[in-house]
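Undergrad: Coordinates only, no sequence provided:
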């Protein structure tokens, strides 16, 4: 069984550019959630995709957008990058379980630096 | 805002039990308590979860109080590799988005 994978591992961009981060979910999972983790902080929820539809969004501006594909892999796109977007971006996959249990399994993250 | 509060840091001697507390006084009846840890900016690693009964797996034990307003994660024999930030999260239910709201966690340092 393959775990959650993310690419690339590291990325450097300049302010105003656009970036796409990728996530492959764990086998059998149909839900992907994305989180942003600034240095020294806990991860912050960006949005979640369930069966290719957005299923909830955190307090992030519209320049943060996403996609989920039929194989349940996902992309996070960020337009018009700002310096504060520098962070570790985490993807987590899960599948709804019985009685409201939905354990999320995290990938290793993509570290984005915006200069 | 996070639904949980945890002490910012704790130390534990190697080989001793590490007991990490978490307060979740606003937990609702169908929400679960999850514990994760994050080692040096890697992705958070799932440890254990529970609803109202105590739970144990190969990594840890989870003790939830009867009123479900607090819980304790127990690492029975801490090793240096258990040094990490530990997050307690309340999430779940029967519908909606199962997003995790992370607090700042407890930074556990295991001392040789």
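TA: Noted; the coordinates are in hand. Nothing here was measured: the structure is a model prediction, and the numbers come from that model.
Undergrad: Could you pull up the residues touching residue B:15?
TA: Applying C-beta atoms under 8 Å, 6 or more residues apart in numbering or on different chains, we find residue B:15 in contact with B:77, B:78, B:79. C-beta here means a position set from N, CA and C on the backbone, and glycine is covered the same way.
Undergrad: repeat that with 7 Å
TA: By C-beta atoms under 7 Å, 6 or more residues apart in numbering or on different chains, the contact set of residue B:15 is B:77, B:78.
Undergrad: And residue B:51, by the same measure?
TA: Residues residue B:32 are the ones in contact with residue B:51 under the rule C-beta under 7 Å, 6+ apart.
Undergrad: Let me see the backbone angles for it.
TA: phi -110, psi -60 (degrees, to the nearest 10).
Undergrad: For it, give its distance to residue B:91.
TA: 12 Å (C-beta to C-beta, to the nearest Å).
Undergrad: again, but for residue B:73
TA: According to C-beta to C-beta, residue B:73 and residue B:91 sit 16 Å apart.
Undergrad: who touches both of residue B:51 and residue B:91?
TA: Taking C-beta under 7 Å, 6+ apart as the contact rule, residue B:51 and residue B:91 both touch residue B:32.
Undergrad: Next, the residues that contact stretch A:6-18 from outside, please.
TA: Here stretch A:6-18 has contacts from A:19, A:21-23, A:77-83, A:91, A:107-115, using C-beta under 7 Å, 6+ apart.
Undergrad: out of these, which are buried?
TA: A:19, A:21-23, A:78, A:81, A:91, A:107-112, A:114 (16 or more other C-beta atoms under 10 Å in any protein chain shown).
Undergrad: Let's see which of the residues you listed end up in helices.
TA: Among those, no member is found in helices (DSSP state H).
Undergrad: Go through these and flag which are in strands.
TA: Among the buried ones among the contacts of stretch A:6-18, the ones falling in strands (DSSP state E) are A:19, A:21, A:22, A:23, A:78, A:91, A:110, A:111, A:112, A:114.
Undergrad: can these go into CSV with extra columns for pLDDT and distance to residue A:5?
TA: Below are these laid out as CSV (pLDDT from 0 to 100; distance: C-beta to C-beta, whole Å):
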residue, pLDDT, distance to residue A:5
A:19, 98, 18
A:21, 98, 12
A:22, 98, 9
A:23, 97, 7
A:78, 98, 20
A:91, 97, 9
A:110, 98, 11
A:111, 97, 15
A:112, 98, 17
A:114, 98, 23
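Undergrad: Any chance you could note which residues of chain B sit beside chain A?
TA: Neighbours of chain A within chain B, by C-beta under 7 Å from any C-beta of the partner chain: B:30, B:32, B:34, B:41-44, B:46, B:49, B:87, B:92-94, B:97-105.
Undergrad: Find the centremost residue of chain A, please.
TA: Nearest to the geometric centre of chain A sits residue A:34, at 2.8 Å (C-alpha atoms, centre = their mean).
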